[in-house]
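Q: Got a predicted structure plus its sequence, pasted below:
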Amino acid sequence: MLKTTPPLFDETPADYARISREITKSKYSKNVNIAFLSSYTAEILKPYIRVELAKSSIFSSVYFAPYNNIEQEIIDNNSGLYASNPDIVVIHIGIEDISQNVLTRFYSYSSDEIKNVTSSIVSRYKEMIRAFRKKSNAQIIIVDFAYIQNESFGFSGSPLAHSLSAYIQNINDQLWSICNQITSCHVIKYQQVFMEQGLNNCIDYKLYFLARIPFGVKAQIEIGKVIARTIAAIYTTPCKCLVLDLDNTLWGGVLGEDGIAGIKLSDDYPGNVYKSFQRTILGLRDQGVLLAIASKNNINDALDVMEKHTDCLIKKKHISSIQINWKDKATNLYKIARELNIGLNSIAFFDDNPVEREWIIEQVPDVRVINVPENPMFYSRALLNSRLFDKVNMTSEDTSRAEMYKHEKRRSEFHIKSKSVDDFLRGLKMSAKIGLVEDITLSRVEQLINKTNQYNLTCRRYTAEEIKDIISSGGVAIWISVKDKFGDSGIVGTAIAKKQNNNEWIIDTFLLSCRVIGRKLESILLYYLCKLVKGKKGVILYGEYIPTSKNNLINDFFIKFNFNEVINKENYWSCNLRETNISPSDFINVEFIE
Amino acid sequence: MKAVDIERLYSVISDVLNIPIEDISEESSVNTVESWSSLTHINLVVSIEAEFKVNFTPEDTMDMLSVKLISIILEDLL
């Protein structure tokens, strides 16, 4: 007898049997009928499939067709298959049940004969799947082929041109491409189960010879899990965003205490554990998962690590939303959801701190909180086994970055569509200050006058002394500063009006820093300029646009503010201050500094 | 060879065959328990293997058709 190491179970088979019976339909909102067509006695999988599906909040009923009655069940309209009204059909035929002789006597076959066997298997599946698809729209899950008996040819088989494994791989390749052409047809890679568990742990010859069950109890549980996971992925939308903590998650240690040089993140233990976890995370990002950070830290220190630490693989550019502050994490998760325009239930939360996890479970129950193990070596496994990012069809358009870019694009389109610019600007929570140019602000105004090119009506350059002269000879010179929710931008614009004669004034200079173009600050600046000129008994205000190679952006400035074109003077405009209705944008708080 | 932990064994049988522990006795068998079918028998065998970390042979498996026989065969392996 083959002696195997007794496997360790989270749940014993007896537990599965008991729990499976205890699953009651009424507690589940999702109910799925599964039909199982197989070449072996698959009933044994029932408790594993049902319990594992219940873990994904899905109630299931499973119909098992009599074994080796696959085509019969598909062809017969009155079969148990159709009576079971399946949402999901799993088809699992063991390669050993199709071509046992080919497996054990592989080298008695010529390569032509092998080709014939291959094409007959492939066409069998093609006909089977198509026949079923004509009759039913149920999701189809095909378990592909693996040779799970011990290799009969030792090591000699593999280098040969037509090796057994190449034969099986070739059938699988063709099978996958058939499944790709059929709608809602998914493949489970059977080999993977045995690779992960080890072939010797999976074989139980006793079950095979006594009961035609091709695998032992450990593999039964794993196959139950993979089938359940596939079905759950069909019905569950994968999380779009992974929110990560920093300290003891992306690196070991606490940045605030250990400093950038003291945190554990390197190519040696224990830093390599965290570096490896970062790789896993980036792998998820490659599949289209958006990354976000919610961490209690000093933002500049944290960004320093991300940008400057050579072993920190996750950089700022990989992160779609960064919430590094001392606010509670629930608030930050809401913020991330808003910023990325995604639902809270599309967010997975990974934090080493059980208190934070608990807080989120309580405060934001929609967020999917990943159960993080204490040992960081198992972070990656916990992340991937969370099933939260499972997608059934990782093919063509779903794959890799394309998905993410698509997603990001959709998001930015949504941004434009869903909000008017004013709504967007309102969201910036801007407040502006306006003041007269005085000594304290003079140097900044001089700087702006001499380097602003784009949003500059006249591009006149003045020294500080010249500006002072303009003011002392009765001109009006003002500045504007702005801050928003992101911070204070300081003085970003200036305007100068000069008296020409009597009640006629001219806008000599009007400019805004390129950093704030599009924020509608010009209406405020112009409003206050007019107001001040009016205060000095000005009635007619002229405006001048002097085109340069760079200020084309504002060639319609005066049209926008309803100035009248002055006849016979190109780019020369006027406005009657008694009639004008220039008003500052209502969503910007303005304070005039006397 | 060790004495079989009857409580553990009966608990597995109860879980797999869906019968109350108090209804299980040495005399319980394929003939007296309705839910003891060829399929649940296989479930029972792998469940006992997993619980007691043993491996039964096919012959053991075919022989274990009552609780008493299960105890005897299991005792040999412990």
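A: Yes, it's here.
Q: for the chain, what's the longest helix?
A: If you meant another chain, say so; for now it's chain A. When chain A is parsed with DSSP state H, its longest helix is helix A:111-135.
Q: should've been chain B
A: Per DSSP H, chain B has its longest helix at helix B:38-52.
Q: does A:Lys218 really touch A:Gln197, like I thought?
A: Yes - between A:Lys218 and A:Gln197 a contact is recorded at 5.9 Å, counting by C-beta atoms under 8 Å. Any C-beta I mention is one placed from the backbone N, CA and C, and that applies to glycine too.
Q: Comparing these two, which shows the higher neighbour count?
A: A count of neighbours by other C-beta atoms under 10 Å in any protein chain shown puts A:Lys218 above the other of A:Lys218 and A:Gln197, at 24 against 18.
Q: residues contacting the residue positioned nearest the centre of chain B?
A: In chain B, the residue lying closest to the centroid (C-alpha atoms, centre = their mean) is B:Ile70, at 4.8 Å. Residues near B:Ile70 by C-beta atoms under 8 Å, 6 or more residues apart in numbering or on different chains: B:Leu9, B:Ile13, B:Leu44, B:Ile48, B:Met64.
Q: Quick one: name whatever helix or strand follows the helix or strand where A:Val492 lies.
A: Using DSSP states H and E, A:Val492 sits within strand A:487-501. As assigned by DSSP H and E, the chain's next helix or strand after strand A:487-501 is strand A:504-512.
Q: okay, now residue 32: neighbour count?
A: I went with chain A, as the question did not name one. Neighbour tally, A:Val32, other C-beta under 10 Å: 19.
Q: let's do chain B instead
A: 12.
Q: Tell me, what's the model's pLDDT at it?
A: pLDDT, B:Thr32: 94.
Q: who touches A:Ile221 in this structure?
A: By C-beta under 8 Å, 6+ apart, the neighbours of A:Ile221 are A:Phe9, A:Glu11, A:Pro13, A:Tyr16, A:Tyr48.
Q: quick check, nearest of those to chain B?
A: Proximity of the contacts of A:Ile221 to chain B was ranked by C-beta to the nearest C-beta; the top entry is A:Pro13 with 4.1 Å.
Q: Name all residues that make contact with the closest one.
A: A:Pro13 sits next to A:Pro47, A:Val217, A:Gln220, A:Ile221, B:Val16, B:Asn43, B:Val46, B:Ser47, B:Ala50 when contact means C-beta under 8 Å, 6+ apart.
Q: Quick check: the farthest pair among those?
A: The span of the contacts of A:Pro13, defined through C-beta to C-beta, is set by A:Ile221 and B:Val16 at 14.3 Å.
Q: Looking at the stretch 51-200 of chain A, which residue is nearest chain B?
A: Here the stretch 51-200 of chain A gets closest to chain B at one residue, A:Phe64, 9.8 Å apart by C-beta to the nearest C-beta.
Q: For beta bridges, what are the partners of that residue?
A: Beta-bridge pairing for A:Phe64 (DSSP bridges): A:Phe36.
Q: Quick one: neighbours of it, just the number.
A: Around A:Phe64 there are 20 other residues, counting by other C-beta under 10 Å.
Q: if I pick it, what's in contact with it?
A: With C-beta under 8 Å, 6+ apart, A:Phe64 has these contacts: A:Ala35, A:Phe36, A:Ser38, A:Ala42, A:Glu43, A:Lys46.
Q: all strands for chain B, in order.
A: Counting by DSSP state E, no segments of chain B form strands.
Q: Sketch out the low-pLDDT regions of it for me.
A: Residue ranges of chain B with pLDDT under 70: B:1.
Q: How about the stretch 451-594 of chain A?
A: Where the stretch 451-594 of chain A drops to pLDDT under 70, the residues are A:486.
Q: where along it do the helices fall?
A: A:464-472, A:521-535, A:557-560 (DSSP state H, counting those that start in this stretch).
Q: Ok, chain B next?
A: Taking DSSP H as the criterion, chain B contains helices spanning B:6-17, B:38-52, B:58-63, B:67-77.
Q: which of those sits most buried?
A: Greatest average neighbour count among the helices of chain B goes to helix B:38-52 (a mean of 22), per mean count of other C-beta atoms under 10 Å in any protein chain shown.
Q: any idea of the pLDDT on A:Ser156?
A: The confidence metric pLDDT takes the value 51 at A:Ser156.
Q: report the angle between the axes of the strand holding A:Val492 and helix A:464-472?
A: 60 degrees (axes from the mean of the first three to the mean of the last three C-alpha atoms, to 10 degrees).
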